[in-house]
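Peer 1: Sequence and predicted structure, then a few things I'm wondering about:
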Amino acid sequence: MTGPFANVWLIVALPLIGFLVQALLGGKVVQTLGPRFGRPAMGALAVLPIAAAFAVGLDLTIKLAQLPPESRTAVVTLFDWITLQSVNVPFELRVDTLSMTMVLIITGIGALIHLYATGYMAEERDYTRFFTYLNLFVAAMLVLVLGNNLVLTFIGWEGVGLCSYLLIGFWYKDVANSKAANKAFIVNRIGDWGFTLGIFGIVVLMAANKDSLGITDARWMSFDVILPYAKDLLAMYPGWATAVAVLLFIGAMGKSAQYPLAIWLPDAMAGPTPVSALIHAATMVTSGIYLLTRMSEWFLASPVAMAIVAGVGALTALIGAATAFGQTDIKKVLAFSTVSQLGYMFIGCGVGAFYAGMFHVLTHAFFKALLFLGSGAVIHAMAHNQDMRNYGNLQRYLPITFATMGIGWAAIAGIPFLFAGFWSKEAILGPAVNQTEAVMLGPLSVGQWAGWVGFLVAAMTACYMTRMMALTFGSGPERWRLLPAHSGHDDHHGHDAHGHDHGHDHHEAHADEHGYFMTDAELEAAHAAEPHEHHHELDAHHKPHEVPVTMWLPLAVLAVFSLGWVGALLYENSAWKLKYWLFPAAKKAAEHAHDGPVATWMLIALSFATSLGGIALGLWLYWRRLPDWEGWDLSKWNPLQKASQRQFGIDEVLGDGSVKAGAAVGSVTWAFDRWVVDGLVNLVGGLGRLFGGVVRKAQSGYVRGYALLMEIGVVAIVGYLLYQIVSAGGAR
Amino acid sequence: MGTDIPLVWYLVTALFMFVMGGIGVVVRRNPVVVFMCIELMLNATNLTFLAFARYQIASAQTPEAALQAAMSGQMMVIFVMAVAAAEVAVGLGIIMAIFRLKNEAGLDDMSTMRG
Amino acid sequence: MSYQPIPTIDWWAIAPVSIVMVTGIVALLIEMFRPNRNNNTIVAVSLVGLFLAGLSVVPQFSMPFGSSFGGMVVRDYLGLVLQLLLITVCFVAFLFSEPYLREKRIAFAEFYQLALWASAGGMIMVTTENLLMFFLGLEVLGIALYCLTGMCRQELRSEESAMKYFLLGAFGTAFVLMGIAYLYGPTGSLRIDAVSIAVASDQPHFVLMALFGFGLLLVGLCFKSALVPFHQWTPDVYQGAPTNVTAFMASTSKIAAIGALIRVLAAGAPLVSYWFPIMFWVAILSMVVGNFAALVQKDVKRTLGYSSVANGGYMLVAVLAHVQAPEKVSLASTLFFITGYGVMTMGAFAVVSLAARDGKEGTRFQDLHGLWHRAPFAAGCLILFVASLIGVPPTVGFFGKMFIFNDALAAGLLPLALVLAVTSVVSAYYYLGIIQAVFVQEEGAVKNESGRPQAGLNLAVLLCALAIFGISLGAENVLKFMAPAEDGRQPVAERTVAQR
C-alpha cells in the first residue's frame, strides 16, 4: 500500500462512507433538525464524498499522466482476501488510464447529479433513503471499474444492478414501478447469466492451462495476469475463446441495454430523473463498453465475436432511433435515444475502435446527463407531467433550461465541430466505414455495414431530438392550457386531470382502445406526484417556473462540457489523444496506418448532411405545431408512427411472450411477470424445462413408484459393482 | 461344521426373502402389508447376520476371536429387532393418524404431493 | 474363556451426545409433570441443554484425537465440527419454532424432545467408526424424524409425508442392514473399515461380499443424504412436514448423512476404483436433477427440497475430490460448505415459516407475496440467504462453491467441476423466484395475512445472517480452522487402519 497511487482506496471508501452516513444517520438528522435544515444538511453530506472522490481521482490521473505511457498501470492491493494453495484473489484496485477515465466520469458527473438531486428530490419524504442508494451505487460502480480481478468486477457488476433495482423501484408504493424494477432485475439476470458463464469460462481456461502457460502468479483471476496470456489462450482454444467473448458480450448486452435485452431500460425511466441521468444514461449502462474495452485483447482475436458486437450494436442503434420517433413521453424519447447511442458505442467496439467507444461513453455521459437533467427540470416545472404533447413554448418560461438543453441537443445531433457529440461519432464511424481497425469476417464486413447504418442513425437522431426539443420548447401554442378540452377525447393523456385514484382500473378499462397498456413512466407521472407535499395539477392556469439554482447549475456545467472543445481535445489528431491515452501501443501501429476508401473530407461532408438535414426536417415538421399524426387522438396517428410508439412490438413480443398479445391487455403487466418467470425457464433452455418436466412426471407421488426407482438404483449399483469385479477376474 | 447345512444355503434363503420383501414393497398397496414386507427384509438381514456369526465361530483361529466376532453379529440382531419394534410403533401410529383423518389408508391415495 | 479388558472411559467423547439425550429426557419429564399446551419451560431447558452440549464440544478440539469404546466413539476434527454444527442447527431451529408452533397451533409436547433425540442420533452418526453404532444413530435420527414429520396431526399432508418418509426410510434401512451384514460376514468385524480387512485377507469371494455390502451401505447413505436416484422422498416430505421440522430435517439429516458418507467412502478407499464411477454419476445426477426439477416447482418448500438434493450433489463433489486426491485436497471445503449450507437453509426456512398463521399455512410462491411489508427484516435477510444459496460473491455460498470447484479441479475431476458451475448458474432462476415472491405485491394474487415475526424468529434469522456475514468475511480463517495442518489432510481411512 505504498507508491504514488496508494490512496486509490479513498475513491471507493468515500462514497461508501457517504452511504453509511446516509443510512445510519440520515433519518435521525432529518428528524432532529427538521426537514427545512436537515435535508439540505444530508444533501450536502451526500454530494461531498462524491466530489471528494472526484478530487482524489483527478489527483491520481494527473500523477498517472506524468508517467511514461508504457508504465501507466498500477495495481494497489488493499488486503489479501481469498488465499488458497492454488488461487489468490486479493482485494486489489487497478489504476490505469481506462479505469481512471471511468472514475472521472462517474465521480464528476455523479457529483453534479447528486447536487441536482438535492434540489429535485427536495420535497421527497424518503430523501435520505434516496441518497443512501445513490451513494451506494457510486461506490459499487467504482468497485466495478477499479477492481483488478474478475471477482471484484463481478461484485461491482451485481452491486450496481442491485442499486439500479432499488432506485427504479424507489417509489415502491407504485406497482408499476415495482414492475419496472423487477423487469430490469430479471432481464439483467439473463445478462448476468452470460457474464457469469463467461467468467467461469475464463477461470476454467486459466486453471486448466496455468502450468502449460507457465503462470506462477497465484492471482490468476486478476486482469494483469489474464490479459498478457489472452493471445496464447486464444491461439490454443479459438472456439472456447470465442464462446467466452460472446458470453461476456451477453453480459454487456444486459447491462448496456442492447436488443433484445434492451427492453428493461425504457421501463427503468420509472425511477426518479436523477437516477435516469446517472445510472441509466451516464454510468451503469456504459459498464458493458467498459467491460469490452477492459477485455479488448480477448475480443480482438475473435472475428466472430467482434462481428456479433458490431451487428448487435448497429441493430440496436437503428431500432432505438426508430422507436424514439413514436414516443410522447419526454423521458422515453431520451431512454430510446440512450439505447440507440449505446448501440453506437458497441459499433465502435465491434469494429475494433475500442477507444472510440470509450470516447463516446465520455461525451455521451455529458450530453445525455445534461438532456436528462434538463428534462427533469422541464418535468419539475410542468407539475410532473411528462407528456410532450402537453408542453409547448416553454422557451419563454424556462430560458436557462432551454439554452443548456439546446447545447445537449446540438451535441447529440452531431452538429459538426462546435459540439462534443460530433467528434466521438466521427471517431466511431470513420474507422467503421474505413475498416482501419476492423477484423474482417470472411468476405462479409459487418463493421463496415454497421458504420453505414450509423450514418443513417445519425440523421434519424438529429431529427427525433429536434422533434423533442421543438415539441417542448418550440414556439407553438402552450398546449397545457388546452388540456381540459382534450381530456375528454383521450383519457390516455388527460389522466392527470382526473386525480390519482384511478390507477390500474382506469387503464385496464381503456387499454383495449389504445391497444397497449400505459407505460410505466406515464403511470409514474400520475402516482409519483403523491409523495410531493406541494403538488398541484397541471391545468390551464399552470405557470411554469425556472428551476432553482442547485438544479440549473449542474446543467450549466454539463453544457460547458458538451461543447466541441472536449471532443476536439480528445480526438485522434489533436494534442490529448484519448486513443493513445487508453492504448499506448496503438501509437506505434498508427505509423503504418493507411487511409481507408472513404476520405476524411467525405466523412465530414456526410456528417454535415446528416445532422443539418435531420435538424431541418425536424424543425420544419414540429417547431410551430404538434402535428395531428402524433396528437392526442391516437386514431389519427399514421401506422408507421403508431408502430414506432409501440416499440415495433418488440417489447410486447419479448415481454408478453406466449401470452396472446392484445388479449386481456389490462393485465398485461401482470401477465408479463408471470411470463418472465416461465420465460426465464424457457431461456435456460427448452431442454431444462423438458428435463424438469420428465423428472416431475417420475415424481408420481406414489410410495411404490419411489421404492421402485430406489430398487432400480440398487440393482444398477450392485450390478455394476459385481460386473466390475467379475470382469476384473475376481478380486483385484 | 461337518454335515451341517452350508452357509451359502442360509445366505441364499435370506437373499430370497430380501428380494421378495423388496418386490412386495413395490407391488402391494396397503401400508400395513408394505410394512410387513419391509419387516420381511429386516428379518432376512437378521438371518444373514446369524448365519455369518455362526460361520465366524467355525472359522476363527482362537476362541477369543471367535467369541468376539460372533457376538458382534448376534448383538446386531438384537438391536435390529429392537429398532424394528420401535419402527412398528411409529408406523402404526402414523397409519392410525391417517385413518382418523380420512377413514381409509390406501397407499396410492396418499399421493396429493407430487411433481 | 477370556474377555477383552474394559476400556478406559473417555467421558468427554460421549459428553455432547449424552447431554443432548438427557436434555431430551428432561424435556419429556417436564412435559409429563406439567402437561401444558405451550410450555415455555421446555424451550428454555432445551436451549440450555444444547448450549451445554456445545460447550462440551469446544474443549475437545485441543484434546488428543483418536477412538475410544473400541472404535464406537471417535474424536476427530470431522466429528467435532459436525457435532458443533448439529447442535447449532438444533438451537436455531428451536429459536424460531416457538412462534411457528404457536401460529400453527401445534402442541409443544413432541417437538423439542424428538428434535433433541434426532440431533443426538445425528451426532452419533458423525462420531463413530462402528457400524452398529452407525446403524443406531441412523435409526434414532430416522424414527424421531418420522414422528416429527407427522407432528401436525390435523393436516393430511403432514401425515402423508410422514407415511412416505417412514415407509421409504424403513425400506432404505433394510438395504443398510443388508450391507452391514455382508461387510460383517467375511471379516467378523463391525468396524467401518471392514472393507480393508476383507481386501487384506486376499480372498476373492471375501472381496466380492464386501463390495456387495459396501454398495448396499452406500445406497442407504445416499437415501439419507437425498442423492439421486434415492431422492424422491425429499420434495414430498419437505413439502408436507411442518416448516420448522423441514428446516431441522433439511440441515440435520443432510449433515449427519454426509458426515457418515465421508467416513464410509474414506474407509472404502481400497476399493475406490470400483465404486468411484457410481458416486461420480450420483453426484452429477443429483446436481442436474435437483436443479432442473426445482425450476418447475410452484411450492417454496418443494423448491427448497430439490435444492437440497442439488446441494447434496455439491457436497458429494467435495467428498469425492477428497477421496480421489487426499494428499492434495483436505476435507476443509466440504466442512465449510456443509456449515454454510446449514446456516443458509435454516435461515431461509425460518423466513418461509412466517407464512403460517392461525393454524393454516400456505407455501406456494404466491402465499409469500407481500411478506416484505409485514416482515421487512426477515425478508431482507431472506435476500442474503438466497443470495448465498445462489452463490453470489462474497457470500458463504459463493466461497463454498468456489472451494469445491477448486478442489474438484485440483483432484482432476473437471467434469464434476463444470457440472457444478453450470447447474449452480441454473439454480439462480428458481432461487430468484423466491425473492421475487417475497418482494412483489401482485394485484390479483392471494392476499395472505401471514404471521408477523416474533422475537425468537428475528433472533434466529439474525443469528443466521450474522453467521453468513461472519463466515463470508473470515472465509479464509474459517477454512483454515476446518483444516488444521496435520489432521485435516490425513484421510480418515489411513488413520483408522494405522490404529488397528
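Peer 2: All right, it came through fine.
Peer 1: Report the separation between C:Phe377 and C:Trp275.
Peer 2: 47 Å (Cβ to Cβ, to the nearest Å). C-beta: built from backbone N, CA, C; applies to glycine.
Peer 1: the more surrounded of these two?
Peer 2: Each of C:Phe377 and C:Trp275 has its neighbours counted (other Cβ atoms under 10 Å in any protein chain shown); C:Trp275 has more, 23 against 14.
Peer 1: Now that that one has come up, it's in contact with C:Phe214, right?
Peer 2: Yes. C:Trp275 lies in contact with C:Phe214 (Cβ atoms under 8 Å); the separation is 6.7 Å.
Peer 1: For those two, list the residues in contact with both.
Peer 2: Residues touching both C:Trp275 and C:Phe214 (Cβ atoms under 8 Å, 6 or more residues apart in numbering or on different chains) are A:721, C:268.
Peer 1: elements contacting the top helix by length along chain B?
Peer 2: In chain B, ranked by residue count with DSSP state H as the criterion, the top helix is helix B:63-102. Packed against helix B:63-102, as judged by 3 or more Cβ pairs under 8 Å, 6 or more residues apart in numbering or on different chains; DSSP states H and E, are the following elements: helix B:31-59, helix C:131-149, helix C:156-187.
Peer 1: what angle do the last one and helix B:63-102 make?
Peer 2: Here the directions of helix C:156-187 and helix B:63-102 differ by 170 degrees (axes from the mean of the first three to the mean of the last three Cα atoms, to 10 degrees).
Peer 1: Looks to me like C:Val17 is in a helix.
Peer 2: Yes. Under DSSP: H, G, I helix; E, B strand; the rest coil, C:Val17 sits within a helix.
Peer 1: Can you give me the neighbour number for it?
Peer 2: Other residues within reach of C:Val17, judged by other Cβ under 10 Å, total 23.
Peer 1: A:Trp81 now?
Peer 2: Neighbours of A:Trp81 under the rule other Cβ under 10 Å: 18.
Peer 1: What strand or helix carries it?
Peer 2: Using DSSP states H and E, A:Trp81 maps to strand A:73-83.
Peer 1: List the buried residues for that strand?
Peer 2: Across strand A:73-83, burial judged by 16 or more other Cβ atoms under 10 Å in any protein chain shown covers A:73-76, A:81-82.
Peer 1: Beyond it, next helix or strand please.
Peer 2: With elements assigned by DSSP H and E, the helix or strand that comes after strand A:73-83 is strand A:88-96.
Peer 1: Report the residue spans of the stretch 301-450 of chain A with pLDDT below the cut-off.
Peer 2: Scanning the stretch 301-450 of chain A for pLDDT under 70 picks out A:435-444.
Peer 1: can you map out the helices along it?
Peer 2: Secondary structure of the stretch 301-450 of chain A (DSSP state H, counting those that start in this stretch): helices located at A:303-324, A:330-350, A:354-381, A:399-413, A:420-434, A:446-473.
Peer 1: out of those, nearest to C:Arg105?
Peer 2: Comparison of these against C:Arg105 by Cβ to Cβ identifies helix A:330-350 as nearest, at 51.9 Å.
Peer 1: B:Leu50 contacts B:Met76, correct?
Peer 2: No. Contact criterion Cβ under 8 Å: B:Leu50 and B:Met76 do not qualify, at 9.3 Å.
Peer 1: Looking only at neighbour counts, state which of the two leads.
Peer 2: More neighbours surround B:Met76 than the other of B:Leu50 and B:Met76, with 24 against 18 (other Cβ under 10 Å).
Peer 1: Distance check, A:Tyr259 against C:Tyr306.
Peer 2: 34 Å.
Peer 1: More neighbours: those two, which one.
Peer 2: With neighbours defined as other Cβ under 10 Å, A:Tyr259 and C:Tyr306 compare such that C:Tyr306 has more, 29 against 20.
Peer 1: does C:Tyr67 count as helix, strand or coil?
Peer 2: For the record, residue C:67 is Ser, not Tyr. C:Ser67 ends up strand, using three-state DSSP.
Peer 1: tally of neighbours for it?
Peer 2: Residues lying near C:Ser67 (other Cβ under 10 Å) number 22.
Peer 1: ditto for B:Val90
Peer 2: When counting by other Cβ under 10 Å, one arrives at 19 neighbours for B:Val90.
Peer 1: Now do the same contact list for the nearest residue to C:Gly66 once chain neighbours are set aside.
Peer 2: Excluding the flanking residues, the one nearest C:Gly66 by Cβ to Cβ, 6 or more residues apart in numbering or on different chains is C:Arg75, at 6.4 Å. By Cβ under 8 Å, 6+ apart, the contact list for C:Arg75 reads C:10, C:12-13, C:60, C:63-68, C:127.
Peer 1: Would you list the phi and psi of C:Arg75?
Peer 2: phi -110, psi 110 (degrees, to the nearest 10).
Peer 1: One more: C:Pro35?
Peer 2: When quoted as degrees, to the nearest 10, the phi and psi of C:Pro35 stand at phi -70, psi 80.
Peer 1: so how far is C:Ala107 from it?
Peer 2: Distance, C:Pro35 to C:Ala107, by Cβ to Cβ: 9 Å.
Peer 1: what about the two, which has more around it?
Peer 2: More crowded of C:Pro35 and C:Ala107, by other Cβ under 10 Å: C:Ala107, with 15 against 10.
Peer 1: Buried subset of the contacts of C:Arg75 as a ChimeraX selection?
Peer 2: This is the ChimeraX syntax for the buried subset of these, where burial follows 16+ other Cβ under 10 Å:
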select /C:10,13,60,65,67,68,127
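Peer 1: what would the contacts of C:Arg75 look like in CSV with pLDDT?
Peer 2: CSV is the format used below for those (pLDDT from 0 to 100):
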residue, pLDDT
C:Asp10, 83
C:Trp12, 89
C:Ala13, 89
C:Gln60, 90
C:Met63, 84
C:Pro64, 84
C:Phe65, 84
C:Gly66, 83
C:Ser67, 83
C:Ser68, 82
C:Thr127, 93
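Peer 1: who touches both of C:Pro35 and C:Ala107?
Peer 2: With Cβ under 8 Å, 6+ apart applied, the contact sets of C:Pro35 and C:Ala107 do not overlap.
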